[in-house]
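fold the following for me, if possible:
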Amino acid sequence: MWLLVESSVLEGIDRSATFLVAIPFSPDSFPRAWGFWNFVGGPKWIGPRHVNFPDGSICAFVPVSGTWRHGDRLDSLLDLFTVWALRHLHLEEFERWPGGQFSAHPFYSLAEFKSDEFCGCDKEEPPRRYGECCRPEHLKRNLLELKSDFERTMGCRLNDRNPPQAILDFIDGRGDLPSIAETLGIPTSVG
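Residues are numbered from 1 along each chain as shown. The predicted model follows:
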């Protein structure tokens, strides 16, 4: 099932956000969504920070965290996406990500996290700032080796985060809604 939802994000700002949400019926597949700012000149993808590799989908939380689970209310999921968009506004205005963040790799942390942002590890509760926590250890590592390991582990480069062309075409009004199975890579049975 596809949902196309507009969020005002915050009263009085110069834009709203649109979320295109793919909700598979299979409990083995997790919902995936893409966020776009609504501007007079047309929609603009919200990213590349805090989106998934390589499809540029929203990374508002890590599924294993239990923040949202299959069977939870859809409006709760949309609220998480709205908070994610609000955090992007904060990032745009203050050049700092507000709140927690996740990192699957030290190269990603070095490239994306600022020293005064929260670290992406779970070593400390409450979390410490990246510059006081993992960054000093990450800086001791060979950057080229980290980059190669990141690309091998993730199967893409750091900047390979973009929505699928079919998603962009639909949002721009140039194409039909794509197949969820194809978009999410869900195998379909034949015959």
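
contacts, neighbours, all on C-alpha from now
Noted.

what segments of this structure are strands?
Counting by DSSP state E, the chain has strands at residues 2-7, 16-22, 32-39, 42-45.

the second one pairs with which strands, parallel or anti?
Using DSSP bridges, the strands paired with strand 16-22 are strand 2-7 (antiparallel), strand 32-39 (antiparallel).

mind putting those into JSON lines with mean neighbour count, mean pLDDT and distance to residue 164?
Below are the strands paired with strand 16-22 laid out as JSON lines (neighbours: other Cα atoms under 10 Å; pLDDT from 0 to 100; distance: least, Cα to Cα, whole Å):
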{"stretch": "strand 2-7", "mean neighbour count": "14", "mean pLDDT": "97", "distance to residue 164": "15"}
{"stretch": "strand 32-39", "mean neighbour count": "21", "mean pLDDT": "97", "distance to residue 164": "10"}
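
ok, back up a step: out of the strands of the chain, which gets nearest to residue 126?
With distances scored as Cα to Cα, the stretch of these nearest to residue 126 is strand 32-39 (28.4 Å).

I'd say residue 143 and residue 107 touch.
Yes - counting by Cα atoms under 8 Å, residue 107 is a contact partner of residue 143 at 7.3 Å.

who has more neighbours, those two?
residue 107 (24 against 14; other Cα atoms under 10 Å).

burial check on the closest residue to the more buried one other than its chain neighbours, number of neighbours?
When the adjacent residues along the chain are set aside, residue 107 lies closest to residue 146, with 5.5 Å between them (Cα to Cα, 6 or more residues apart in numbering). Applying other Cα under 10 Å, we find 17 other residues in the vicinity of residue 146.

ok, residue 178 next?
Every residue meeting other Cα under 10 Å relative to residue 178 is counted, giving 16.

could you pull up the residues touching it?
166, 167, 170 (Cα atoms under 8 Å, 6 or more residues apart in numbering).
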